[in-house]
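Trainee: Using only what follows, build the 3D model:
(chains A and B)
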Amino acid sequence: MPHGAFEEVVLPHLDAAFNYARWLTKSDADAEDVVQDATVRALRFFSSLRNDDARAWLLTIVRNTWYARVSKVGHADQHAVFDDMKDERPDEQLNPEALMIQRQAVERVRRAIEELPVDFREVIVLRELEGLSYKEIAAVIAAPIGTVMSRLARGRERLLAIMNPESTTGGAGELS
Amino acid sequence: MNCPDVDRVIDAYTDDELGPAEAAEVRAHLDVCPACRRRVTAQQSLGRLIRRTPYYTAPDRLRVAVATAKRPARVSPQRLAWAAMVTLAVSLGSGAVIRTVGARQAAADTTSVAQDVVASHVRALMGAHLFDVRSTDQHTVKPWFLGKLDFSPPVDDLTPPGFPLVGGRLDYVAGRPVAALVYQRRQHTINVFVWPSSDSGEAVTDARTIRGFQVRHWTRDSMTFWAVSDLNDTELDQFVRALTP
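Mentor: Have a look, this model is predicted:
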């Protein structure tokens, strides 16, 4: 049984849950539904939260909720939304031209991540945007650490290939 | 190590997930191999680019929906015991409780401070109050505490290792006013609580996870430090190393 009230344990990780769901579903509305369902489940299973890692626990529930919906509806990964740029974080130190080039590169990598198969996409998001360790990612996706490593490697390999198609060695020194 | 060996661990290397010995072997190979060096650079710049992609934050209505979700009626004995403890702490004043417990059992003391700093971190992040002084300049943040505390907390500039200072505030932990310094790593906030240490001496580092938050504790220059964040343990350890030269 975790210490503290449900909302005190869950609310601090709500952004993480939503970000993860948003990258899984590629849609604001779907992500909201998934997180809403996930928190209902989380509340039901709250007493089963024994270890202390509430964030990994919540992300696992988000993932399971999403998988349950996808298998029911059967439209995983089909619609992609490319119009949403609101949260992009440019680097303020660049001049306007460099900033524009960087913005384009960020948009390209965002699309590239969205086009990745979900197995690769989710480990990239959990690692790069959530900053989870390999161990924590393994817990969330219920897979061995070796699987986490190979999916990260293959996901990045694909991204490098998309970002730098002319390069065969995967060199991307000029990316940013 | 040769190129295929490095190739096998390149992700773990750039993610700081290798042990020190293996990481040193990789570095030794990179010193002599421009091709592998280029690959590591490419990985790192890809990582920087990915981290600039959108971080989608939960809409407010979702936050409200979760905060007001219906609670299960059943309340477990542990929860009741916890509630009773909280009530006791509130009625006696948390300082009194901690001193009594501390006299008997140092470990329980540390645990209760750890719970305290996590609670404070959560409170601050839930919008209650994260900054009294908002500045990335250590020379603005440090003097701000003058006259507000009976000590001067060390304020370090950790921008080079990638943990920029974003501000500070007065907080109340373990029954006393403390300095809370706020650092940032990507979207993650790190709260560092500082106050004078009663037990001067060696740097004892305590590491634990409470409700998904990483907690680190150490002492330095007669000050006690507590760092709390939802950052992963590897990066928070980097942060702590940067603060304990």
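Trainee: In terms of secondary structure, what does the lowest-mean-pLDDT helix or strand in chain A contact?
Mentor: The least trusted helix or strand in chain A, going by mean pLDDT, DSSP states H and E, turns out to be helix A:6-10, with a mean of 78. Applying 3 or more CB pairs under 8 Å, 6 or more residues apart in numbering or on different chains; DSSP states H and E, one finds that helix A:6-10 makes contact with helix A:28-44, helix A:54-73, helix B:60-67. Bear in mind the C-beta positions are built from the backbone N, C-alpha and C, glycine included.
Trainee: so how far is it off the chain centroid?
Mentor: 21 Å (CA atoms, centre = their mean, to the nearest Å).
Trainee: got it, and stretch B:41-61?
Mentor: How far stretch B:41-61 lies from its chain's middle: 20 Å, per CA atoms, centre = their mean.
Trainee: what about that stretch, near chain A?
Mentor: Yes. Residues of stretch B:41-61 contacting chain A under CB under 8 Å from any CB of the partner chain: B:41-43, B:45-59.
Trainee: that older thread, the next helix or strand after the least confident helix or strand of chain A packs against which elements?
Mentor: Later in the chain than helix A:6-10, the nearest helix or strand by DSSP states H and E is helix A:14-25. Applying 3+ CB pairs under 8 Å, 6+ apart, one finds that helix A:14-25 contacts helix A:28-44, helix A:54-73, helix A:118-124, helix B:60-67.
Trainee: Is any residue of the longest helix seen in chain B near chain A?
Mentor: For chain B, the longest helix by residue count, based on DSSP state H, is helix B:106-125. Yes. Helix B:106-125 reaches chain A (CB under 8 Å from any CB) through B:115, B:119, B:122, B:125.
Trainee: Tell me how far residue B:110 lies from residue A:155.
Mentor: Residue B:110 is 40 Å from residue A:155, where distance means CB to CB, to the nearest Å.
Trainee: try residue A:39
Mentor: To residue A:155, residue A:39 is 28 Å away according to CB to CB.
Trainee: before we move on, the earlier item: select, out of the helices and strands packed on helix A:6-10, the one closest to residue B:196.
Mentor: For the helices and strands packed on helix A:6-10, proximity to residue B:196 was assessed by CB to CB; helix A:54-73 is nearest, at 31.7 Å.
Trainee: which secondary element of chain B has the worst mean pLDDT?
Mentor: The weakest-scoring helix or strand in chain B, judged by mean pLDDT, DSSP H and E, is helix B:94-104 (a mean of 40).
Trainee: Now do the same contact list for residue B:66.
Mentor: Each residue near residue B:66 by CB atoms under 8 Å, 6 or more residues apart in numbering or on different chains is listed here: A:7, A:10-11, A:14, A:36, A:39.
Trainee: any chance of these in JSON lines, plus distance to residue B:134 and neighbour count?
Mentor: Shown next, in JSON lines, are the contacts of residue B:66 (distance: CB to CB, whole Å; neighbours: other CB atoms under 10 Å in any protein chain shown):
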{"residue": "A:7", "distance to residue B:134": "27", "neighbour count": "18"}
{"residue": "A:10", "distance to residue B:134": "27", "neighbour count": "28"}
{"residue": "A:11", "distance to residue B:134": "23", "neighbour count": "20"}
{"residue": "A:14", "distance to residue B:134": "24", "neighbour count": "20"}
{"residue": "A:36", "distance to residue B:134": "33", "neighbour count": "16"}
{"residue": "A:39", "distance to residue B:134": "31", "neighbour count": "26"}
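Trainee: rewinding a little: who are the packing partners of the longest helix of chain B?
Mentor: Contacts defined by 3+ CB pairs under 8 Å, 6+ apart place helix B:106-125 against helix B:94-104, strand B:165-173, strand B:176-185, strand B:188-196, strand B:206-210, strand B:213-220, strand B:223-229.
Trainee: mind running it again at 6 Å?
Mentor: Counting contacts by 3 or more CB pairs under 6 Å, 6 or more residues apart in numbering or on different chains; DSSP states H and E, helix B:106-125 packs against helix B:94-104, strand B:165-173, strand B:223-229.
Trainee: what residues are up against residue B:47?
Mentor: Neighbour list for residue B:47: residue A:128 [criterion: CB atoms under 6 Å, 6 or more residues apart in numbering or on different chains].
Trainee: How about the residues of chain B by chain A?
Mentor: Counting by CB under 6 Å from any CB of the partner chain, chain B comes close to chain A at B:11, B:17, B:38, B:41-42, B:45-58, B:62-63, B:66-67, B:69, B:76, B:78, B:82, B:122, B:125, B:209-212, B:231-234.
Trainee: quick one: low-confidence parts of chain A?
Mentor: Scanning chain A for pLDDT under 70 picks out the ranges A:1-4, A:50-52, A:72-94, A:165-176.
Trainee: okay, now the domains of it?
Mentor: With automatic domain parsing as the criterion, the domains of chain A are listed as A:6-73, A:96-163.
Trainee: now the first one, how far from the chain's geometric center?
Mentor: Which is domain A:6-73. The answer for domain A:6-73 is 12 Å, by CA atoms, centre = their mean.
Trainee: Tell me which residues touch residue 56, please.
Mentor: Reading this off chain A. Contact partners of residue A:56, counting by CB under 6 Å, 6+ apart, are A:136, A:139-140.
Trainee: Please refer instead to chain B.
Mentor: By CB under 6 Å, 6+ apart, the contact list for residue B:56 reads A:18-19, A:22.
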